[in-house]
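[1] Mind folding the following:
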Amino acid sequence: MAKRGGFPGGMPGNMSNLMKQAQRMQRQMEENQKELETKEFTAAAGGGAVEVTVTGKKELVKVKLSEEVVDPEDVEMLEDLIVAATNEALRKAEEAGAEAMNKMTGGLGLGGGFPF
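    Now for the predicted structure:
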């Protein structure tokens with residue numbers, strides 16, 4: 001029986017290349033994460049009455065309210081609109097992060113197990 005590679009038991013002889021490739025991929029992932037953290041994601045609710053902006057770090061950095069939505073008699077509606085807009089902006093940030101990861105892994109599905 002012929003051995004494959006340079007390791008007993010038939011392990012690939014390219015282990016060094018595989019490690020280099022993994023390190024390169026890790027550096028790319030770190031760079032993508034840093035880039036994502038500098039981006040901002042904006043979403044609106046109530047037909048644009050409430051607009052919020054979050055960063056790629058998922059930090060709320062801006063809330064913009066239209067004058068017509070500021071009704072002292074209906075604070076609850078304003079609160080709901082702020083929550084809705086914030087959740088949508090956070091979803092956009094999460095989606096951008098997942099998209100960047102998918103580009104890195106080539107759609108291999110590495111997040112939840114192995115594809116084989």
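[2] Next, the spatially closest residue to residue 61 that is not a sequence neighbour: phi, psi?
    Closest residue to residue 61 apart from its sequence neighbours, by CB to CB, 6 or more residues apart in numbering: residue 53 at 5.3 Å. All C-beta spots, glycine's among them, are computed from the backbone N, C-alpha and C. Main-chain torsions, residue 53, degrees, to the nearest 10: phi -130, psi 130.
[3] who does residue 53 bridge with?
    Going by DSSP bridges, residue 53 is paired in beta bridges with residue 42, residue 62.
[4] tell me the contacts of it?
    Neighbour list for residue 53: 40-42, 60-62, 64, 89 [criterion: CB atoms under 8 Å, 6 or more residues apart in numbering].
[5] where's residue 58, which helix or strand?
    Counting by DSSP states H and E, there is no helix or strand that carries residue 58.
[6] Of the contacts of residue 53 - the most surrounded one?
    residue 89 (25 neighbours; other CB atoms under 10 Å).
[7] Would you confirm that it contacts residue 45?
    No: the criterion here is CB atoms under 8 Å, and residue 89 misses it with residue 45 at 9.7 Å.
[8] Spatially nearest residue to the spatially most central residue of the chain (excluding sequence neighbours)?
    Nearest residue to the geometric centre of the chain (CA atoms, centre = their mean): residue 97, 1.8 Å. Among residues not flanking residue 97 along the chain, residue 36 sits closest, at 5.6 Å (CB to CB, 6+ apart).
[9] Now do the one helix or strand the one you found maps to: which elements does it pack against?
    Using DSSP H and E, residue 36 maps to helix 15-38. For helix 15-38, the packing partners by 3 or more CB pairs under 8 Å, 6 or more residues apart in numbering; DSSP states H and E come out as helix 75-105.
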